Structure formats: C-alpha cells, structure tokens
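>>> coords please:
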Amino acid sequence: MTDAEWAAVRDLLPVPGWMEGRGGQPEGYCHRQMVDAVRYLVAGGITWRAMPADFPAWDRVYAFWRRWRDQGLIGELHDRLRDRVRQAAGRDTEPTAGIIDAQSVKGATSVPAATRGFDGGKKVNGRKRHMVVDTLGLLLTVMVTAASVTDREAGRTLLARLRHRHRRIGRVWADGGYTGQLVDFARDMLRIALAVVKRSDDTSGFSVLPKRWLVERTFAWLMRSRRLARDYERRTDSAEAMILWSMATVMSRRLARRRH
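Here you go, the predicted structure:
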C-alpha cells in the first residue's frame, strides 16, 4: 500500500482485544506488513509458502489471515471501507437497492468433492460465487457454493442474509435465472421486490442490460486478482474471505485516489 492508502485504511482496522483491555497477548507484528502480505497473495495468486522474503514468514501471515477469517475481522474492515466509499460518493451508508447474480469458476484440485459441482449452463466444474452488490458495484453479501447449486436455490439464503445485514433494502434487480417462486418468497417473506431484467427476444449477441451490468463489472474487478481467477480454497468460507480481501483492495485504492 502507498502511504495515502494506508492512511485511508489504518483508522478502519479492527482494534485488537488487548488494546481495549479485553485480554490476550499483544501482537508482535506490524499490521501494515501483514495486510500487504495478504493483499500480495490475493493479487498475485501465489501459494502461501511462496510468500516473498521481504514479508513476514508465510505461516505467520497465514495465521493472521485465518484469524481474520474465523473472527469476521475481514468482513468488518470490508464493511467499514464500503461505508466510506459510499459517503465519499455522496450516498447514504445503508443502501436501499441491489443487484444479484452468480459467477461460476473452475475449481483447482485442492477443492474437495463435497463442495464442488458441475454447472451445466456454463460447462464449469468447480464453484459458484453468489453475490449482491449495491448500485455502485460494491459488495453487500457473498456466498460460495458448489457450481451445481442453482441461482434460485442459493437466492433464498443469499437474500435472507441481505435482509439481515441491510434492513433498508427494498429492491433487488436480477436476471432470468431468479424467476419463479423466488420472486414470491422475496416479496412475501423478506419484503424485497425482486425485479427480473430480461434480454429482449430480438437481441442478438452482447448487449448491456440496465442495472445488471453493475454486478458484471464487480465480477470483472474480482478477476483482476489472480487468486480468484480459479477457486483454490478447501473451504467455502475461505473463498468468501478471499473475495472480501479483493474488494477491500479495490475500495482502499479508490479512497486513496480521492484523498490524493
């Protein structure tokens, strides 16, 4: 991170328990070095043991990343960054609308059979990333499943998570894969208007569809991180943590440019 980016991130980092008098051993490492090391791994797509020598030892970095995953600290940092980016754009911190979609990616040999599947539509053997973003393309919630899980099946859980975390959400745009009973479930149980944006029957080839292109742009942002070009994680929560780290990098750089 540049100094400007670190200045934007530093005040948003979760405060360790020992600094608030909640016990625990004081940390013996620099947070900036650890965050830089994890971001380097996500951006470069390297293995943990290939961590360059100018970063802390790989097992220390992995222990830091694992603790942030298990305790939800990366989610906490990600949400704080998203609030800052929305404020900088003149938006309220709590969104009222979102866009839902899914992305299938190939799974590496490290992905166990229990959490991988085959997406017949995309012809992909691996996992699927189900995401809801706001109208700026910023991530609101994410869920990683086997690629064989349909959009409608995952949509129930994903929209329930969205309602739990963002109480003001009233409308979500989706593609044709979310039609059917999911629309009624979202309206009756979650009080969310699920608006399906379909392609015109007369349209041939690629076309930019209203609202839906926002989540496609977010998928493109994630593909800049080589660790996310394919799913390498043994656990689905690890895959979700990698996505949060990638989006945190996108947002911190945006804040640094505004600050500069």
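>>> Remind me what the helix or strand residue 118 falls within packs against, helices and strands.
According to DSSP states H and E, residue 118 maps onto strand 117-119. Secondary-structure packing of strand 117-119 (3 or more CB pairs under 8 Å, 6 or more residues apart in numbering; DSSP states H and E): strand 124-133. For the C-beta atoms, the positions are set from N, CA and C on the backbone; glycine is no exception.
>>> Now do the contacts for residue 229.
Contact partners of residue 229, counting by CB atoms under 8 Å, 6 or more residues apart in numbering, are 45, 105, 223.
>>> Could you check the pLDDT of it?
Looking at residue 229, its pLDDT stands at 95.
>>> Tell me how far it lies from residue 244.
17 Å (CB to CB, to the nearest Å).
>>> all strands of the stretch 1-150 of the chain, in order?
97-106, 117-119, 124-133, 139-146 (DSSP state E, counting those that start in this stretch).
>>> what comes up buried for the strand holding residue 118?
117, 119 (16 or more other CB atoms under 10 Å).
>>> What is the distance between it and the centre of its chain?
21 Å (CA atoms, centre = their mean, to the nearest Å).
>>> Parallel or antiparallel, which strands does that strand pair with?
Paired strands of strand 117-119, with direction, are strand 124-133 (antiparallel) (DSSP bridges).
>>> tell me the angle the strand it pairs with makes with strand 97-106.
In terms of direction (axes from the mean of the first three to the mean of the last three CA atoms, to 10 degrees), strand 124-133 departs from strand 97-106 by 160 degrees.
>>> could you give the mean pLDDT of strand 124-133?
In this model, strand 124-133 has a mean pLDDT of 97.
>>> hey, C-alpha coordinates of it in PDB?
Provided in PDB are the C-alpha atoms of strand 124-133 (Å, rounded to 0.1, in the frame of the first residue of the first chain):
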ATOM      1  CA  VAL A 124     -17.800 -25.300 -15.500                       C
ATOM      2  CA  ASN A 125     -16.600 -27.900 -12.900                       C
ATOM      3  CA  GLY A 126     -15.900 -26.000  -9.700                       C
ATOM      4  CA  ARG A 127     -17.700 -23.500  -7.500                       C
ATOM      5  CA  LYS A 128     -20.200 -20.700  -7.900                       C
ATOM      6  CA  ARG A 129     -20.000 -17.200  -6.300                       C
ATOM      7  CA  HIS A 130     -23.400 -15.800  -5.500                       C
ATOM      8  CA  MET A 131     -23.200 -12.000  -4.800                       C
ATOM      9  CA  VAL A 132     -25.400  -9.000  -4.200                       C
ATOM     10  CA  VAL A 133     -23.900  -5.600  -4.900                       C
END
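>>> residue ranges of the helices in the stretch 101-250 of the chain, please?
Listed in chain order, the helices of the stretch 101-250 of the chain (DSSP state H, counting those that start in this stretch) span 151-165, 181-189, 212-223, 236-259.
>>> who wins for proximity to residue 5 among those?
helix 236-259 (3.9 Å; CB to CB).
>>> For residue 213, give me the pLDDT.
Per the predicted model, pLDDT is 87 at residue 213.
>>> chain center to stretch 123-140: distance?
That offset, for stretch 123-140, works out to 7 Å (CA atoms, centre = their mean).
>>> Same question for stretch 103-110.
Using CA atoms, centre = their mean, the offset of stretch 103-110 from its chain centre is 16 Å.
>>> what comes up buried for it?
For stretch 103-110, the neighbour count (16+ other CB under 10 Å) marks 103, 104, 105, 106, 107 as buried.
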